[in-house]
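Colleague: Task: produce atomic coordinates for the following.
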Amino acid sequence: MAQYLGYQCSICKKEFLPVSVIYTCPKCGGNLDVILDFTHIKQKYQVEDITSRSDFSLWRYLPLLPVADPGGEATPLHFAGWTPLYSPSGLMKSLGLKQFWLKDEGKNPTASFKDRASAIVVGRAREIKADIIVTASTGNAGAALAGMSAAIGQKAVIFAPKTAPQAKIAQLLIYGAQVILVDGNYDSAFDLTIEAANEFGWYCRNTGYNPFTAEGKKTAALEIWEQICLHLEDSTRPLCVFVSVGDGNIISGIHKGFKDLLALGWLKQMPRIFGIQSDKSAAVANAFFAHSETIIPISATTIADSISVDLPRDGVRAVRAAKETGGEYITVTDEEIIAGIGELGKFGIFAEPAGSTGFIGLKKALISGQVQHDDPVVVINTGNGLKDVRAAMMAVQAAPIIEPTMKALKKHLKI
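Modeller: Below is the predicted model:
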């Protein structure tokens, strides 16, 4: 566990001492950053102390995390993170890239990136002896919290829009969480969750609200650093990281991870971070394009439910993640997102719509010249395609139905 000094507001910069429960800035409502004690970490650890650890999960980075190991060593809680990198030669050739990786977060225990944040929040809840953790979710964050909580017997309550994909709702129920479907969108579920947490004393995991969620999501950056950055030969070209954006907490968490590594002197060069949004849920991109940090709510209608958000709760830090790293925001259409699912599938990668979003953003960046073919690139697939079978079926033609005879088969094959 890393020592941490407290919190700093990302907006007004006011600092706060460590306390058991704090969410957003009491002064201005801004998102809080956890401040690590970098001096202590540098005195105690070297790069080799991290990269030589035998725990191949996000918990290998415990010296850089502000929570203690919550236990549950032989459970899914200790298998979150350390997701694989794919570099299919056919896909690299079609993109025209010399160095390309796809980081598959669908290999997490509940099949999405959100396991990272939930694992850390569950660890934090155990430290402060929270009886119940609650979150709002369109499915993935809730499934992650339900699964990570079930692993160690933690009680969890999930509020989800009634329109969330059935596969995701099934996960919530199977893991034994108390599931409450809201007749409204994600934002209304989010607001109700905060009210309930305040009323009943529950510990709130909400993304872009609880500062420890970004600490979980930054572990993806720590892995990218260890898996890719430490091995890049050409230091003149920074790594380009592509990730889909909804409420903004994943991209801000990744940015936080790289910033922590820079502060330690362990990262040679800040990667360029590219945020990709559906043009039907582009509140953060709109602010970036306007050279503003003012996030104006929209009415999100994208098919990519994981990134369908009217008012991104971590929008300011999400804008900064691209602006401060020389990255960009790119918007894509829902039709392109669906097509991307099918394209990735041809290389053995089954992505949810939000995962395809990052890939399509890369293709557009290559066409526009925002990324060069000599640049090293990693795309993050945020979740497995089985999370949203309805969207996956839109990316392919339906399978034919034939009589169980050779005659029917030959007719179908036109032999």
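Colleague: Please enumerate the strands of the stretch 251-400 of the chain.
Modeller: Taking DSSP state E, counting those that start in this stretch as the criterion, the stretch 251-400 of the chain carries its strands at 272-278, 329-332, 377-381.
Colleague: got the CA coordinates for the second one in PDB?
Modeller: The reference is to strand 329-332. These are the backbone C-alpha positions of strand 329-332, laid out as PDB (Å, rounded to 0.1, in the frame of the first residue of the first chain):
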ATOM      1  CA  TYR A 329     -10.900  14.000 -29.100                       C
ATOM      2  CA  ILE A 330     -12.500  12.200 -32.000                       C
ATOM      3  CA  THR A 331     -16.200  11.500 -32.600                       C
ATOM      4  CA  VAL A 332     -17.600   8.500 -34.500                       C
END
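Colleague: where do the helices sit along the stretch 251-400 of the chain?
Modeller: With helices called from DSSP state H, counting those that start in this stretch, the stretch 251-400 of the chain shows them at 283-289, 315-323, 334-345, 353-368, 389-394.
Colleague: right, and the strands of the stretch 251-400 of the chain - which one's nearest residue 12?
Modeller: The closest of these to residue 12 is strand 272-278. By Cβ to Cβ, the value is 23.7 Å. Glycine gets a C-beta too; all of them are placed from N, C-alpha and C.
Colleague: Please export the C-alpha coordinates of that closest one as PDB.
Modeller: Written as PDB, here are the backbone C-alpha positions of strand 272-278 (Å, rounded to 0.1, in the frame of the first residue of the first chain):
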ATOM      1  CA  ARG A 272      -0.600  11.000 -26.100                       C
ATOM      2  CA  ILE A 273      -4.100  10.200 -25.000                       C
ATOM      3  CA  PHE A 274      -7.000  10.100 -27.400                       C
ATOM      4  CA  GLY A 275     -10.600  10.200 -26.200                       C
ATOM      5  CA  ILE A 276     -13.200   8.700 -28.500                       C
ATOM      6  CA  GLN A 277     -16.900   9.400 -28.200                       C
ATOM      7  CA  SER A 278     -20.000   8.500 -30.200                       C
END
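Colleague: thinking again about what came up before, can I get the strands of the stretch 251-400 of the chain in a markdown table with mean pLDDT?
Modeller: Listed next are these as a markdown table, based on pLDDT from 0 to 100:
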| stretch | mean pLDDT |
| --- | --- |
| strand 272-278 | 98 |
| strand 329-332 | 98 |
| strand 377-381 | 98 |
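Colleague: rewinding a little: would you tell me which of the helices of the stretch 251-400 of the chain gets closest to residue 230?
Modeller: helix 315-323 (21.4 Å).
Colleague: Just the residues contacting the helix or strand bottoming out on mean pLDDT in the chain, thanks.
Modeller: When the helices and strands of the chain are scored by mean pLDDT, DSSP states H and E, helix 166-174 comes last with a mean of 90. The contact list for helix 166-174 (Cβ atoms under 8 Å, 6 or more residues apart in numbering) reads 110, 138-140, 142-143, 146-147, 158, 160, 179, 181, 386-389.
Colleague: possible to save the helices of the stretch 251-400 of the chain as JSON lines with distance to residue 205?
Modeller: Shown next, in JSON lines, are the helices of the stretch 251-400 of the chain (distance: least, Cβ to Cβ, whole Å):
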{"stretch": "helix 283-289", "distance to residue 205": "21"}
{"stretch": "helix 315-323", "distance to residue 205": "18"}
{"stretch": "helix 334-345", "distance to residue 205": "27"}
{"stretch": "helix 353-368", "distance to residue 205": "19"}
{"stretch": "helix 389-394", "distance to residue 205": "25"}
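Colleague: If you average pLDDT over each of those, which is lowest?
Modeller: Lowest mean pLDDT within these: helix 389-394, at a mean of 94.
Colleague: rewinding a little: compare the strands of the stretch 251-400 of the chain and give me the one nearest residue 54.
Modeller: strand 377-381 (24.4 Å).
Colleague: That closest one - contacts with which helices or strands?
Modeller: In terms of contacts (3 or more Cβ pairs under 8 Å, 6 or more residues apart in numbering; DSSP states H and E), strand 377-381 is packed against strand 100-104, strand 240-244, helix 353-368.
Colleague: Does anything pack onto the helix or strand just after the first one? Which helices or strands?
Modeller: Right, the one you point to is strand 100-104. Note on strand 100-104: by DSSP states H and E, the next helix or strand toward the C-terminus is helix 115-127. On a contact count with 3+ Cβ pairs under 8 Å, 6+ apart, helix 115-127 meets strand 132-136, helix 140-152, strand 203-204, helix 211-217, helix 219-227, helix 249-264.
Colleague: Is it possible to get TSV of those that adds distance to residue 194, mean neighbour count and mean pLDDT?
Modeller: Shown next, in TSV, are the helices and strands packed on helix 115-127 (distance: least, Cβ to Cβ, whole Å; neighbours: other Cβ atoms under 10 Å; pLDDT from 0 to 100):
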stretch	distance to residue 194	mean neighbour count	mean pLDDT
strand 132-136	8	27	97
helix 140-152	14	28	95
strand 203-204	6	22	97
helix 211-217	14	27	98
helix 219-227	25	23	98
helix 249-264	15	24	98
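Colleague: Quick one: closest of the ones you listed to residue 395.
Modeller: Across the helices and strands packed on helix 115-127, closest to residue 395 is helix 140-152 (Cβ to Cβ), at 18.9 Å.
Colleague: And the closest one, what does it pack against?
Modeller: Counting by 3+ Cβ pairs under 8 Å, 6+ apart, helix 140-152 packs on helix 115-127, strand 132-136, strand 155-161, helix 166-174.
Colleague: Can you give me the neighbour number for the residue nearest to residue 251 when sequence neighbours are not counted?
Modeller: Distance criterion Cβ to Cβ, 6 or more residues apart in numbering; nearest residue to residue 251, sequence neighbours excluded, is residue 321 at 4.6 Å. By other Cβ atoms under 10 Å, the residues close to residue 321 number 30.
Colleague: contacting residues for residue 321?
Modeller: Per Cβ under 8 Å, 6+ apart, neighbours of residue 321: 251-252, 254-255, 273, 275, 327.
Colleague: Quick check, pLDDT for residue 139.
Modeller: Value for residue 139, per-residue pLDDT: 81.
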